[in-house]
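Peer 1: Okay, here's the prediction I keep looking at, along with the sequence it came from:
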Amino acid sequence: MQRFGRIETPSGPRFVELEGERVHVLADAPWTTPHRTGEVMPLGGVRWLVPTTASKVVAIGQNYRKHAEEMGKPVPAEPLIFMKPMTALNAHGAPILLPPASQEVHHEAELALVIGRTLTRATEAEAAKAIFAATCFNDVTARDVQRREAQHTRAKSYDTFACCGPWMVRGLDVSDLLVTCRLNGELKQSGRTSDMVHAPAKLVSFISHVMTLLPGDVVSTGTPSGVGPMNDGDVVEVEIEGLGVLSNPVRR
Ligand code: MG
């Protein structure tokens, strides 16, 4: 298993590979099999950025039965996809900013996949090979806005509403991982990726028949039940077995 991230350095953002208590700076994005530059930094004190450079984030609605039930929605026969803009991406540790237009902003803990190669009309087998790594994701949602509108775009796209990180893990079997969300330390969501209606390779294949996926793109796979509101001053954590903890403060 390998862990890759992106950090802020005096010379700008850099991809890194984690090894023990140190990070090795990489010359290029990890999906290009880059060499290490030789620059090494201690893990402590690193400022994490979103671990990938994505052209887009594609997310999945109602991909866990119990979440579809709590939303009062049927389980979709085909994956229900929507998009979040890259400008919504938000790093580990950075605040989620509650927009004035919403009084009910929810957390949605999700497993996200990072795509490693250009993918168009891929089979499930090709899609499985093109998944470069996995990471924790919080598909932050203005639920009151979402209820008022047929489209997801506004409710899902506010700046900071796509929390991702702290790093991405390559080589981990993601088919049966525990996904949890804690708000101020209290468990709110708990599910297993094995309960997904449509599994990761199928989702990536399906999306690639709609739009070309590019290296670095993020596919977030839907949230288990237990979604709920976050308020000013809260701290929200998404933890996925083997992937780490994505933590973000919440600010009005
Ligand atoms: Mg979601």
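Peer 2: Everything's here; your move.
Peer 1: which residues touch the top helix by length along the chain?
Peer 2: Ranked by residue count and defined by DSSP state H, the top helix of the chain is helix 200-208. Residues from elsewhere that reach helix 200-208 (CB atoms under 8 Å, 6 or more residues apart in numbering): 58, 60, 63, 78-79, 81, 111, 113, 115, 119-128, 130-131, 174-175, 193, 198, 213, 219, 221. For the C-beta atoms, the positions are set from N, CA and C on the backbone; glycine is no exception.
Peer 1: going on from it, what's the next piece of helix or strand?
Peer 2: strand 218-220 (DSSP states H and E).
Peer 1: Who does that following strand pair with, and is each partner parallel or antiparallel?
Peer 2: Paired with strand 218-220 in the same sheet, following DSSP bridges, are strand 57-61 (parallel), strand 109-115 (antiparallel).
Peer 1: roughly how far out does that strand sit from the chain middle?
Peer 2: Computed by CA atoms, centre = their mean, to the nearest Å, the chain-centroid distance of strand 218-220 equals 6 Å.
Peer 1: which ones among the contacts of helix 200-208 are found in helices?
Peer 2: Per DSSP H, these map to helices at 124-128, 130.
Peer 1: Filter those residues down to just the buried residues.
Peer 2: Among these, those that count as buried by neighbour count (16 or more other CB atoms under 10 Å) are 126-127, 130.
Peer 1: Averaged pLDDT, the longest helix of the chain. What do you get?
Peer 2: Across helix 200-208, pLDDT averages out at 98.
Peer 1: what's the answer for stretch 13-22, then?
Peer 2: 96.
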